[in-house]
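Chemist: quick one, fold the following:
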Amino acid sequence: MPLIEELFLEETRGKIGALWGSFLQNLSESMSTTTCGGRAAELERCRDEKVAFFLKMAAIAAILISGVFGVAIPLVGKKRRFLRTDSNLFVAAKAFAAGVILATGFVHMLPDATSALTDVCLPKYPWSKFPFSGFFAMMAALATLFVDFVATQYYERKQEKQSQVFRVDSVETVSESGIVPAEINDNSGKVFGEEEGGGMHIVGMHAHAAHHKHNHPHGQEACEGQARELAPSHSPSHSHSHSHSHGLGGADEEGGVRHVVVSQVLELGIVSHSIIIGLSLGVSQSPCAIKPLIGALSFHQFFEGFALGGCISQAQFRTLHTTLMACFFAITTPIGIAIGTGISSFYNPNSPRALVVEGIFDSFSAGILVYMALVDLIAADFLSKRMSCNMRLQIVSYFTLFLGAGLMSSLALWA
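Modeler: Model prediction:
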């Protein structure tokens, strides 16, 4: 019996060792930097380094200008009535940009990742035995959800502490002056924030927001109430009601926190794939590959910039912070192209290593962009009360959403 067990263990160790050795060998082949098979002929067929360099410089200029204009329009135009972040035109334009970002993830990044990670240059085991592109995209989306959640919790707690400090300072100031304001709850007659035992507590952001939402009607009455809220009024009673609803801890603060998180996570996703796109264009020496990319990437950069600029505008950052985020977005792809141009003499984009690296990064970028487009851009706007109360805005927004996704998807024919 011990002899049989020993033989079985020996055989098992041998199989595991063989599989491990095969895996390491395939992994080593995946990291090769030599040009793969038929790709060399394809690379040389339309190779012209001088023309390619000129086109890269043109691409840097075109993409930079497109990115600057895209991100600047919602930031510069937010004081204009038709481009303000609360205007219907802005909501419809943002839906178009969300469609562009969604199509970028699904139609451009994910198929490119799948193509790279299942290329014939790579060993069939493990790359063709498991859908790594979809797996990496899924993990990136879940990681983005985690970052989204943690960042939102952090900013909410930070905002709540500031709100509490402000409330305490206000109470102390009022006590010294001898004037005690009271916000009366119409249902119970108690001061808002008063507990059943008669004690007072500082009202946090969530409690105040819950009170604000609880007092709003639903359905058609909610839509009518929203219309009355948006209607201009200069009466003292209206001013007091508005300041109470949206002052220290209302839904606007909570929405502001979401806009802060969304803008930063969205920029992270956009920047990560912009670097890969820029490097891919920069290392190419084929004018045939670069020409269609210039127009496609300019279009893509403009509307990605518009979506990001809208989120930054809604987050209401300080001017310096806003400028830094906008500039960082605008220069990322041109910098990627410049770096790719600089390393093109010794970097082989058709090697197994390049395919693995680009495939993994494209997968991650696809997951981040799909999550951000669906959750933080499309769902946030299309499931809002404002959208449900305005049939014309619904129709226009759905049309622009599908138009943006369709146009961006059609660019896959050329790039």
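Chemist: mind listing what Ala92 touches?
Modeler: Leu393, Val396, Ser397, Thr400 (C-beta atoms under 8 Å, 6 or more residues apart in numbering). Where C-beta positions appear, they are placed from N, C-alpha and C, glycine not excepted.
Chemist: please tell me how far it sits from Pro126.
Modeler: Distance, Ala92 to Pro126, using C-beta to C-beta, to the nearest Å: 45 Å.
Chemist: re the thing from before, from the contacts of Ala92, list just the buried residues.
Modeler: Neighbour-count burial (16 or more other C-beta atoms under 10 Å) is assigned, among the contacts of Ala92, to Leu393, Val396, Ser397, Thr400.
Chemist: export those to CSV and append columns for pLDDT.
Modeler: What follows is these, written out as CSV (pLDDT from 0 to 100):
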residue, pLDDT
Leu393, 93
Val396, 95
Ser397, 94
Thr400, 95
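Chemist: and those, which is closest to Phe96?
Modeler: Using C-beta to C-beta, Thr400 is the member of these that lies nearest Phe96, at 4.0 Å.
Chemist: what strand or helix carries the nearest residue to the closest one once chain neighbours are set aside?
Modeler: Taking C-beta to C-beta, 6 or more residues apart in numbering as the measure, Thr400 lies nearest to Phe96, with 4.0 Å between them; neighbours along the chain are not counted. Using DSSP states H and E, the element containing Phe96 is helix 88-103.
Chemist: need the CA coordinates for the helix or strand just after that helix. PDB is fine.
Modeler: On the C-terminal side of helix 88-103, the nearest following helix or strand under DSSP H and E is helix 110-117. The C-alpha atoms that make up helix 110-117 are tabulated as PDB, following Å, rounded to 0.1, in the frame of the first residue of the first chain:
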ATOM      1  CA  LEU A 110     -12.100  45.100 -25.900                       C
ATOM      2  CA  PRO A 111     -11.800  43.700 -29.500                       C
ATOM      3  CA  ASP A 112      -8.300  45.000 -29.800                       C
ATOM      4  CA  ALA A 113      -7.400  43.400 -26.500                       C
ATOM      5  CA  THR A 114      -8.900  40.100 -27.600                       C
ATOM      6  CA  SER A 115      -7.100  40.200 -30.900                       C
ATOM      7  CA  ALA A 116      -3.800  40.900 -29.200                       C
ATOM      8  CA  LEU A 117      -4.100  38.200 -26.600                       C
END
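Chemist: contacting residues around helix 110-117?
Modeler: For helix 110-117, using C-beta under 8 Å, 6+ apart, the contacting residues are 127, 131-134, 136-137, 355-356, 358-360, 362-363, 366, 370, 412.
Chemist: can you rerun that using 7 Å?
Modeler: By C-beta atoms under 7 Å, 6 or more residues apart in numbering, the surrounding residues in contact with helix 110-117 are Trp127, Phe132, Ser133, Ala137, Leu355, Val356, Glu358, Gly359, Asp362, Ser363, Ala366.
Chemist: quick one: residues contacting Ile63.
Modeler: By C-beta under 7 Å, 6+ apart, the neighbours of Ile63 are Leu297, Ser298, Gln301, Thr333, Pro334.
Chemist: tell me the contacts of the last one?
Modeler: By that I understand Pro334. Per C-beta under 7 Å, 6+ apart, neighbours of Pro334: Ile60, Ile63, Leu64, Gly278.
Chemist: quickly find the element holding it.
Modeler: Per DSSP H and E: Pro334 is located in helix 319-343.
Chemist: and for the third one?
Modeler: Take DSSP H and E as the rule and Gln301 turns out to sit in helix 287-315.
Chemist: that helix - contacts with which helices or strands?
Modeler: When contacts are defined as 3 or more C-beta pairs under 7 Å, 6 or more residues apart in numbering; DSSP states H and E, helix 287-315 sits against helix 49-76, helix 88-103, helix 251-283, helix 319-343.
Chemist: can I get those in JSON lines with distance to Cys311 and mean pLDDT?
Modeler: As requested, the helices and strands packed on helix 287-315 are arranged in JSON lines below (distance: least, C-beta to C-beta, whole Å; pLDDT from 0 to 100):
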{"stretch": "helix 49-76", "distance to Cys311": "9", "mean pLDDT": "91"}
{"stretch": "helix 88-103", "distance to Cys311": "9", "mean pLDDT": "89"}
{"stretch": "helix 251-283", "distance to Cys311": "4", "mean pLDDT": "77"}
{"stretch": "helix 319-343", "distance to Cys311": "10", "mean pLDDT": "91"}
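Chemist: of these, which is nearest Leu122?
Modeler: When those are compared for distance to Leu122 using C-beta to C-beta, the nearest one is helix 251-283, at 17.4 Å.
Chemist: CA-only coordinates of stretch 389-398 in CSV, if you can.
Modeler: Output of stretch 389-398 as CSV, limited to C-alpha atoms (Å, rounded to 0.1, in the frame of the first residue of the first chain):
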residue,chain,number,x,y,z
CYS,A,389,-40.1,64.4,-15.9
ASN,A,390,-39.2,65.7,-19.4
MET,A,391,-40.3,63.5,-22.3
ARG,A,392,-38.7,65.8,-24.9
LEU,A,393,-35.3,65.6,-23.1
GLN,A,394,-35.7,61.8,-22.9
ILE,A,395,-36.2,61.5,-26.7
VAL,A,396,-33.3,63.8,-27.5
SER,A,397,-31.0,62.2,-25.0
TYR,A,398,-31.6,58.7,-26.2
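Chemist: switch to numbering from 44
Modeler: With the count now opening at 44, the last piece we talked about shows up as stretch 432-441.
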